[in-house]
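Colleague: Here is a sequence together with a model predicted from it:
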Amino acid sequence: MKLVATDDCPETVKNRGRQASATVQGIRRNGYLLGNRFVYSNESQLLWLECGPGEFKAVRIWRK
């Protein structure tokens with residue numbers, strides 16, 4: 001898991017990613033799936049974190 005640059009992250013993630021939920025370190029998180037990466041933020045949406053393949057599991061993609 002690593003911190004993502006916050007300058008244009010929210011707009012980029014919301015425009016390019018697919019809404020999804022995944023289990024990260026045993027906690028269910030709502031975020032976005034960008035290719036094979038899962039990106040999510042904390043409750044205040046100040047920190048955006050990225051998980052690579054193998055760092056998250058049980059992904060569920062939301063349909064629009």
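Modeller: Cool, the structure landed.
Colleague: Check which residues of stretch 43-59 are buried.
Modeller: 48-51, 56 (16 or more other C-beta atoms under 10 Å). C-beta coordinates here come from the backbone N, C-alpha and C atoms, glycine included.
Colleague: now stretch 30-47
Modeller: 31-34, 37-41.
Colleague: Among these, find me the one that's closest to Ala20.
Modeller: Nearest to Ala20 among those is Leu33, at 4.2 Å by C-beta to C-beta.
Colleague: State the distance from the closest one to Gln19.
Modeller: Plainly put, Leu33 is 8 Å away from Gln19 if you go by C-beta to C-beta, to the nearest Å.
Colleague: Could you pull out the residues contacting both of these two?
Modeller: Common neighbours of Leu33 and Gln19, using C-beta atoms under 8 Å, 6 or more residues apart in numbering, are Ile61.
Colleague: For the chain, give me the ranges with low pLDDT.
Modeller: In the predicted model, the chain carries pLDDT under 70 at residues 1-9, 63-64.
Colleague: Break down it into its strands, ranges please.
Modeller: Remark: strands assigned in the chain by DSSP state E are 2-3, 18-24, 27-34, 37-41, 48-51, 56-61.
Colleague: chain center to the fifth one: distance?
Modeller: Taking the mean C-alpha point of strand 48-51 and that of its whole chain, the gap between them comes to 6 Å (C-alpha atoms, centre = their mean, to the nearest Å).
Colleague: related to what we said a few turns ago, any chance of the strands of the chain in JSON lines, with distance to Glu11 too?
Modeller: What follows is the strands of the chain, written out as JSON lines (distance: least, C-beta to C-beta, whole Å):
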{"stretch": "strand 2-3", "distance to Glu11": "17"}
{"stretch": "strand 18-24", "distance to Glu11": "15"}
{"stretch": "strand 27-34", "distance to Glu11": "12"}
{"stretch": "strand 37-41", "distance to Glu11": "12"}
{"stretch": "strand 48-51", "distance to Glu11": "11"}
{"stretch": "strand 56-61", "distance to Glu11": "20"}
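Colleague: Give me the neighbour count for Val13.
Modeller: 21 (other C-beta atoms under 10 Å).
Colleague: Isn't it up against Val39?
Modeller: Yes. Val13 lies in contact with Val39 (C-beta atoms under 8 Å); the separation is 5.1 Å.
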